[in-house]
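Visitor: what follows is a predicted protein model with its sequence.
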Amino acid sequence: MGDSPYAPHTPTETREMLDAIGVDSQEDLFDIPDQVRFDGQFDIGARSERGVRAEFETTLGRNTDIVELLGRGHYDHYVPSIVDHLADRQEFLTSYTQYQPEVAQGFLQALFEYQSMLVELTGLPVANCSLYDAATALGEAATLATRVRDASGSRVLVPAQMQAGKRRVLENYASGTDLTVEPYPMDDGAVDTATLAEIADEEVLLVYAESPTVRGVVEESLPTVAGVAAGNDALFCLGSDPVALAVLEEPAALGADIVIGDAASLGLGAAGGMGLGLFATRESFLRQVPGRLVGAGEDESGRRAYTLTLQTREQHIRRERATSNICTNQAWVALRAAIHAATLGPDGLVELATDCVTRTGAVAERVDDVPGVEAPVHDRHHFREFAARTDEPARAVAADLADHGFAVHALDDDHLQVCVTETSADAVDEFVDALEVVA
Amino acid sequence: MSDDEPGNGGAPGADGYDQARYTDGDRYEPLLSEKRSREVDVETPLPDAVTRDSLELPALSEPELSRHYTRLSQMNYGVESGPFPLGSCTMKYNPSFTEDIAGLPDAAIHPDRDPETMQGTLAVLAQLSDYLAQIGGMDGVTLQPPAGAAGEYTGTMITRAYHEENGEDRSEVLVPDSAHGTNFASAALAGFDVVELPSGDDGRVDIDALEGALGDDTALLMLTNPNTLGLFERDIVDIARMVHEAGGLLYYDGANLNALLGRARPGDMGFDIMHYNVHKTFATPHGGGGPGAGPVGVVEKLEPFLPAPRVRAVDGEGEPAYELFEPEQTIGKVHGFLGNWQVLVKAGAYIARLGDEGLADAGAKAVLNANYLAEQLDYEVPFGPFHHEFVASAGEQDAADVAKRMLDYGVHPPTTKWPETVEEALMTEPTEGENRRTLDQLAAAFNAVAGEDETTVASAPRRTAARRIDQVDAARHPRLSWHALDE
C-alpha cells in the first residue's frame, strides 16, 4: 500500500522522470508555503478493491428490504439490461463535454437523438441535452422568463400541491433574480382555474402547472391555464415526464411555452433521486435556452456531422451574462434515457404509459375497497400514483405498512400516496392485504 | 400494433442503411429515425381532449440498437482511448469497480423513504461527508449540489444568507480574470454583481488590485488554487486575511484540488467555503458531460446555512444510526432530492480504495506528470512553477488549429484559448493515470504539430470520424432535431 493503484509509475520511472525535470524529489515540485502545508493524515485507511466492495455491500445492506410504492417526482420503471451494457461502454462513460466534436461524434449523435425524441414528445422544436433535474429545470425556466420580451413581471405562480424540493429549489433561483413564488389553490387535485384567473395579473411572469401532478392527477384544464398566462403577458411552463407524454396531448398544442420535467423516469430507475432535467421550449427563445444544445451541421468533406452549438449562450464564453451557470450536466443519463426510449419504441412506450393509467386506476379501486380507506381522493384520472384518505392517522398507517414491508408517502395526518409501476405491480396483492390489516 | 414496415431499414443500398455495412470505417452512422420509425395511434382510457392522436419514434429491434450504439461509442474518444489532457477537467482513469458498487441492488432506492429504512444510504452519505471534510479541512459538508457550478451557486447563496443574517448588504463577488466561467455565472445567478480582478505579472492574484477592489460591498472572493495556470497562490494567507478584514468570505473552487491532495487543505489556507468536483478529483466518470457532483464544505460558522436536509449520526449504542435534519438557517434546496446519489457512491468508494497515502500519491503523480510533460515540449510554458497542469503557448500558431491537428496524431488535445492570460493557450493536465511512455507520445504529438506549417495545421483533422466541422454555419442555421433536418 502507499501508492495510488491507478498511477502506473514504477519507482525507476519516477526517478527518471524527476531527473528529466531536474529535481531531487516529488516534494520539490510543490510550491506550497510551509505555513499551509498539511501532513497528509486524513485518517482514511486504504482498502483493497474487494475490501471496499465488501464494506459497501455491508453498509448499503442496512437499507431495509422494502417494496417502494413511492413516486412524487422520482419513478422506478424497469430498465432493460441493454441500457446498462451500452451506456457503460467506456468510450461513452469516460468521455467528457464534446469540445472536440471530431472525436465525439458518437455521443453528439446520441444526444441529438435524445433531443429529437423530446421534440417529438413535447411538440416543441427546441430541447436541450440536459439539466440536473426537474427542480433545477423549473428554476431555469423562471430565469429564462426574465430575459424574454414575451413576458414581464416578477410573480411566479405555482400549484399549491407540488413536490416540496422542487418548490424550494425554485425559490432559490427566484430569489437571485428578484422574483416571488406564490401558490395558487387546487380544486380536487387539479388547477382551480377560476381562482388562478382571479389572482393572475400583469405582474405575473410565469405560470407553472403539472400533468401529471405530484399526486398523479392528469390535468384537464391546461388550455385554460395557458390562456390565463398568455392573457397576462406571462409564460406557461408545464411540468411533465417523458413516459406520460407518450400518451398525453402534446404540450405545444396546449399552449406551453416551456416544458420541464425529470426524464430519468426513462433510463435510471430508482437512483436515490438522481435525475435528468428535461427542458424544451419555443424556437423564439432559442438564444435564451440554458444548457447544452447539439446541432447538426457539415464537416469539411460535406458530410453531416454534429456539434455543440450556440455556445455563446454559455458560461465559458458569456460568463456573468450567460443564460445559466450550468457546465457539467446529466449527459450520460440522457444517453441512458435515449437508449431506453429507443428500446421501447413507440409501441412499447405507449404501452408503458397506458399501463400507468389502467393499472393505477385498478389499484386505486382495490385500495378503495379496504375498509377505512378511500381512494383515489381526487375524482380525476391518475397516472402512476394517487392519494388515499385513511380513517386512522395516516402517518401511523404508513409506519405500520413499513413494518409489513411497504413504503408509501404520508402526505399529512389523513392522506397517503401510493405509486405503482411495473416493478412493484406484483406486490399489489400483498400490499392490499397489509393495508387491510393496518388501516 | 402494425407489422414491421420496411421504412429506410428494409432495403440496403443508396436510399437506406445497410445493417451489415462496416466498410466506411466508423465514420458515419445513420440516425435512428433514418433507420426505421413508426407512427402509432394512441388509445388510452383517458379523455380524448388530454390524449395525443399518435406518437412517432424509432422502431428498431434490440440487435439493431445494440449495433447502433456500439458504433456510436466507436466514434467517441474516452479516457480508455488514449491520453486526455484536457486542462482543468482532470480526465483521470475511472476505476470500473466503483460502477459495480453504485449498481448494487441495495443502492437503488427512492429518496423519500423513511430515514429508518435507508440507514445504509445515509451511512454512505455520512462517511463521504466526513471524508470530504477531512480532505478539505472543512467543518461541514453538503452532498446535494449536482455539479461544480451548482456547488458554486450553493456557496454564493450561503454567502448571501450569511451577510444578510449579519445585517450587511454586500453586493459584490470578486473573481480573478483567469477563473472558470462558471464562477462569474454562479455569482450572477445568486444575484451578485461580479467584479473581475486582473492577474498580476506572475499569473497570480495581484495584491494591489485586490486591495483596491476590497471594500464594504465585498461579499466574497472566489479563487482556484492552484489557479488555472497551475500556480499556487503563494500569498494565500495574506489574501485570506485581507478578505476577512474587509468583512468578506473566501471561496475555494475545487476544480484543481487534485494537485493538493494530502499536501494542503483549503480550510488551513483560510477558505470559508469550497466545492469539490468529485468527477475530477475523485475519479467518477465524466459521462460525456455529466453527471458529476459538487459537494460543498464550509467552516463552522456557515454550517447553519447549508442546504436541507443534512445527514448526522444519532447518539446511541451499537451500530451508528443516522437521521436527516434541517439546518437552522438553511438556504433551502439546490436539488430536488439528495443530489447525484450514484455519483456520490462512486466517489466514496474511490476515496476508501486510495486512503491517505493513495490520495497523496495521486496528487504527487499528477504534478510529476505535468512537470515531466512540460519539460518535453517545444512550446513555451510562460508561468511556473506549476502543479497538476500548465498552460503552454502555441505562439504564432492558432491554438484551436493545434488541437485539431493533435487529433490526427491519435491523442486528445488540451483545453485551448483559455485562460486568456496566455497567448494561444494550450491548457494541459495529463493527470496521474499516464505512464512515461504515453507522456512521451503525447509530447511527440505536441512537438510534431509545433514544427508543422500553417496549411497542414489549419486543414486538420483528417483521420477522425468527422473532418473539421463548420461551427459558424451550425450556429447560424440551428438544426437541433431530426425533425429540423427534414425542413
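Guide: Thanks, I have the structure now.

Visitor: just give me the longest helix of chain A.
Guide: helix A:331-368 (DSSP state H).

Visitor: strands paired with whichever helix or strand comes after that helix, and their directions?
Guide: Per DSSP states H and E, helix A:331-368 leads on to strand A:373-374 as the next helix or strand towards the C-terminus. Next to strand A:373-374 in the sheet, as set by DSSP bridges, lie strand A:385-390 (antiparallel).

Visitor: need the pLDDT of residue 182.
Guide: Went with chain A since none was named. Looking at residue A:182, its pLDDT reads 98.

Visitor: actually chain B
Guide: 95.

Visitor: and it, how far from residue A:291?
Guide: 13 Å (C-beta to C-beta, to the nearest Å). No exception for glycine: its C-beta is placed from N, CA and C like everyone else's.

Visitor: between the two, who's got more neighbours?
Guide: Per other C-beta atoms under 10 Å in any protein chain shown, whichever of residue B:182 and residue A:291 has more neighbours is residue B:182, with 30 against 24.

Visitor: surely that one and residue B:150 touch.
Guide: No - taking contacts as C-beta atoms under 8 Å, residue B:182 lies outside contact range of residue B:150: 9.3 Å.

Visitor: overlap in contacts of these two?
Guide: Residues touching both residue B:182 and residue B:150 (C-beta atoms under 8 Å, 6 or more residues apart in numbering or on different chains) are residue A:325.

Visitor: pLDDT score for residue 390?
Guide: Here I'm looking at chain A. Per the predicted model, pLDDT is 98 at residue A:390.

Visitor: wait, I meant chain B there
Guide: 98.

Visitor: could I get the phi/psi values of it?
Guide: phi -140, psi 160 (degrees, to the nearest 10).

Visitor: list the beta-bridge partners for it.
Guide: residue B:428.

Visitor: ok, it - contacts?
Guide: Counting by C-beta under 8 Å, 6+ apart, residue B:390 has contacts B:229, B:230, B:370, B:371, B:373, B:374, B:381, B:383, B:384, B:427, B:428.

Visitor: next one: it from chain A, what distance?
Guide: 12 Å (C-beta to the nearest C-beta, to the nearest Å).

Visitor: check residue B:194 too.
Guide: For residue B:194, the distance to chain A (C-beta to the nearest C-beta) stands at 4 Å.

Visitor: assign a three-state SS to the closest residue to that residue other than its chain neighbours, would you?
Guide: Excluding its sequence neighbours, the residue lying closest to residue B:194 (C-beta to C-beta, 6 or more residues apart in numbering or on different chains) is residue A:320, at 4.3 Å. Using DSSP: H, G, I helix; E, B strand; the rest coil, the structure places residue A:320 in helix.

Visitor: since we're on residue A:320, how many residues are nearby?
Guide: Counted with other C-beta under 10 Å, residue A:320 comes out at 21.

Visitor: got the contact list for residue B:89?
Guide: A:96, B:280, B:286, B:415, B:429.

Visitor: CSV for those, including neighbour count, pLDDT and secondary structure?
Guide: Listed next are these as CSV, based on neighbours: other C-beta atoms under 10 Å in any protein chain shown; pLDDT from 0 to 100; DSSP: H, G, I helix; E, B strand; the rest coil:
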residue, neighbour count, pLDDT, secondary structure
A:96, 27, 94, coil
B:280, 25, 98, helix
B:286, 27, 98, coil
B:415, 23, 97, strand
B:429, 30, 98, coil
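
Visitor: can you put the residues you listed in JSON lines and add distance to residue B:483?
Guide: Formatted as JSON lines, the contacts of residue B:89 follow (distance: C-beta to C-beta, whole Å):
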{"residue": "A:96", "distance to residue B:483": "28"}
{"residue": "B:280", "distance to residue B:483": "36"}
{"residue": "B:286", "distance to residue B:483": "29"}
{"residue": "B:415", "distance to residue B:483": "34"}
{"residue": "B:429", "distance to residue B:483": "39"}
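
Visitor: where does the prediction get shaky in chain A?
Guide: A:1-2 (pLDDT under 70).

Visitor: element containing the closest residue to chain B within it?
Guide: Of the residues in chain A, the one nearest chain B is residue A:273, at a distance of 2.4 Å by C-beta to the nearest C-beta. Residue A:273 is part of no helix or strand, with elements assigned from DSSP H and E.

Visitor: contacts only, for it.
Guide: So residue A:273 contacts A:74, A:133, B:110, B:111, B:335, B:336, B:337, B:338, B:339, B:341 (C-beta under 8 Å, 6+ apart).

Visitor: touching, the first one and residue B:108? I think so.
Guide: The one in question is residue A:74. No - in this structure, residue A:74 is not within contact of residue B:108 by C-beta under 8 Å, at 11.4 Å.

Visitor: distance check, the closest residue to chain A within chain B against residue A:375.
Guide: Using C-beta to the nearest C-beta, residue B:337 is the residue of chain B that sits closest to chain A, at 2.4 Å. Using C-beta to C-beta, residue B:337 is found at 26 Å from residue A:375.

Visitor: out of those two, which sits in the busier spot?
Guide: residue B:337 (28 against 24).
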